[in-house]
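A.B. asks: only geometry, no sequence info:
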């Protein structure tokens, strides 16, 4: 009788252990599946900022501000009081969307006060509408808009200043540099370029350019002509052409998104800003 009960007990324990092991496998599998699903959302608006964050970050404050008559932008800065260098951030042709706001937050965490401007007054949701907004843009008004943003940052203690933009915003970053506005750095991500050395001679500070070798909108030949024009005008510059990537490769919601080149380009951007603004 004792042996029989012992055998029953042993079999019961084996069954319990087996059930326990199965439960562990199920829970572990569910966790791994969840992580895979999370990783597969890398094309979302917040994914770029999450991937690019790193190093020593500071707490930030953010708000929507009116920096010129009838125009509201997104302002992010370190939470602690202090005089932080400023960055005028310019959106892609989509407008001031959540992706640009995330990038402003990420840069603010690195010790900058950032004003992401709004050159449209709306966010486009289709390529057709984005094209209409870009096509109808009044450049003089856009330049005045960006100048007002720079002034807003200076009024809040920014003694040194840079502009940074992607695509449409890359072109606008260059337009601000050519406008006579005093800056300390210009960052252009695959924006339309000016190659005339005489015009480029208006820039008396360093320029960082980020481009893709497969970009049909901004061909490599144009980028090389831009670099040559900067060199002829004695403008200090650092131009990077990433192989195998096309236009808007740093946009996490686009089809051309390339995470590793984006990470490298952002590291170069942070280094450029640190060297010229801090």
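C.D. replies: Sure, I can see it. All values reported here derive from a predicted model rather than from experimental measurement.

A.B. asks: I'd like the distance from stretch 84-95 to the chain centre, please.
C.D. replies: Averaging C-alpha positions (CA atoms, centre = their mean, to the nearest Å) puts stretch 84-95 9 Å from its chain's average.

A.B. asks: Could you do stretch 114-124 as well?
C.D. replies: Here the centre of stretch 114-124 is set off from its chain's centre by 14 Å, with CA atoms, centre = their mean.

A.B. asks: just stretch 231-244 next, same as before
C.D. replies: Relative to its chain's centre, stretch 231-244 lies at 20 Å (CA atoms, centre = their mean).

A.B. asks: which of the residues in that stretch are buried?
C.D. replies: The neighbour-count check on stretch 231-244 (16 or more other CB atoms under 10 Å) flags 233, 235, 237, 238, 239, 241, 242 as buried. For the C-beta atoms, the positions are set from N, CA and C on the backbone; glycine is no exception.

A.B. asks: and residue 163, what helix or strand is that in?
C.D. replies: strand 161-166 (DSSP states H and E).

A.B. asks: ok, that strand: who's next to it in the sheet?
C.D. replies: strand 86-90 (parallel), strand 185-189 (parallel) (DSSP bridges).

A.B. asks: domain ranges for this structure?
C.D. replies: 1-40, 47-277 (automatic domain parsing).

A.B. asks: which stretch in those domains is the model least sure about?
C.D. replies: Note on the domains of the chain: domain 1-40 shows the lowest mean pLDDT, a mean of 39.

A.B. asks: just how off-centre is the strand holding residue 163 within its chain?
C.D. replies: 11 Å.

A.B. asks: I'd like to know which elements whichever helix or strand comes after it is packed against.
C.D. replies: Once the chain leaves strand 161-166, the next helix or strand it forms, by DSSP H and E, is helix 168-178. Packed against helix 168-178 by the contact rule (3 or more CB pairs under 8 Å, 6 or more residues apart in numbering; DSSP states H and E) you find strand 86-90, helix 139-155, strand 161-166, strand 185-189.

A.B. asks: To residue 228, which of the ones you listed lies closest?
C.D. replies: Ranking the helices and strands packed on helix 168-178 by distance to residue 228, with CB to CB as the measure, places strand 185-189 first at 15.4 Å.

A.B. asks: Residue 92 versus the residue nearest in space to the middle of the chain, what's the distance?
C.D. replies: Centroid-nearest residue in the chain: residue 103, 4.3 Å away (criterion: CA atoms, centre = their mean). According to CB to CB, to the nearest Å, residue 103 stands 10 Å off from residue 92.

A.B. asks: quick one: contacts of the strand holding residue 163?
C.D. replies: 85-92, 107, 146, 150, 153-154, 171-173, 176-177, 182-191, 248, 250-251, 269, 273, 276-277 (CB atoms under 8 Å, 6 or more residues apart in numbering).

A.B. asks: among those residues, which ones are buried?
C.D. replies: Among these, those buried by neighbour count (16+ other CB under 10 Å) are 85-92, 107, 146, 150, 153, 171-173, 176-177, 183-191, 248, 250-251, 269, 273, 276-277.

A.B. asks: what separates residue 276 from residue 82, distance-wise?
C.D. replies: 19 Å.

A.B. asks: Kindly indicate whether residue 204 is helix, strand or coil.
C.D. replies: Classification of residue 204 using DSSP: H, G, I helix; E, B strand; the rest coil returns coil.

A.B. asks: show me what contacts it?
C.D. replies: residue 235.

A.B. asks: One more pass at 10 Å, please.
C.D. replies: 177, 182, 183, 184, 233, 234, 235, 236 (CB atoms under 10 Å, 6 or more residues apart in numbering).

A.B. asks: which residues of the chain fall in strands?
C.D. replies: Per DSSP state E, the chain carries strands over the ranges 60-68, 71-78, 86-90, 113-116, 161-166, 185-189, 207-212, 237-242.
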